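Student: Curious how this folds, go ahead:
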Amino acid sequence: MIYIGIFISKILENTLSTLRIIVVSNGKKKLGAILQGIVALIWIFVTGVVIININKDIFKVIFFVIGSIVGSYLGSYLEERIALGTNLVIIKSNKLDELKYIFKNYNIVIKDSYLLFLAKRKDTKEIVSKSTNIDINSKIILEKIKIVK
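Tutor: Predicted coordinates for the structure are as follows:
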């Protein structure tokens, strides 16, 4: 049971750590601070359990490390699913008229052979898919931005 507890605790700790970084980078400082407090508590308890008799029970370390790996992966997966924030989308294409029609719900700027607009990060996979369906040779740049005003 102790190994499962260590494993689950490390998954939870690393997942919450990843989510904390996301919320802080999106300007949610209070939530980030609360998450950091929870992460610190989990870390203190699980590390304390692992350190006790560490030389006699190497499996504690193994479950600690495996839990860290799984938690890091799960945190990254959740970050991708939550996808907070806004992206600047830049599309270089020879089919701007068609793309402009497809993305007519966005506030589009056209400059030379580039189409520019802001989109929710959650929408970027769909934007890339639609763009490449119209013009397989299009070049797409997505940059996470923070709107300050």
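Student: Which stretches in the chain count as helices?
Tutor: Using DSSP state H, the helices of the chain run over 2-25, 29-51, 58-82, 96-102, 124-134.
Student: Next, count neighbours for Val49.
Tutor: 15 (other C-beta atoms under 10 Å). Glycine gets a C-beta too; all of them are placed from N, C-alpha and C.
Student: Run through the residues that contact it.
Tutor: Ile2, Gly5, Ile6, Lys60 (C-beta atoms under 8 Å, 6 or more residues apart in numbering).
Student: any idea how far it lies from Gly5?
Tutor: For Val49, the distance to Gly5 equals 7 Å [C-beta to C-beta, to the nearest Å].
Student: for Lys29, same thing?
Tutor: Counting by C-beta to C-beta, the separation of Lys29 from Gly5 is 31 Å.
Student: Which residue of these two possesses the greater neighbour count?
Tutor: Between Lys29 and Gly5, counting by other C-beta under 10 Å, Gly5 is the more crowded of the two (14 against 10).
Student: Show the contacting residues for that one.
Tutor: Gly5 neighbours (C-beta under 8 Å, 6+ apart): Val46, Val49.
Student: circling back to that earlier point, buried by neighbour count, from the contacts of Val49: which ones?
Tutor: Among these, those that count as buried by neighbour count (16 or more other C-beta atoms under 10 Å) are Ile6, Lys60.
Student: Let me have the contacts of Val49 in TSV, adding pLDDT and distance to Glu126 as columns.
Tutor: Below are the contacts of Val49 laid out as TSV (pLDDT from 0 to 100; distance: C-beta to C-beta, whole Å):
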residue	pLDDT	distance to Glu126
Ile2	91	45
Gly5	94	40
Ile6	94	40
Lys60	94	44
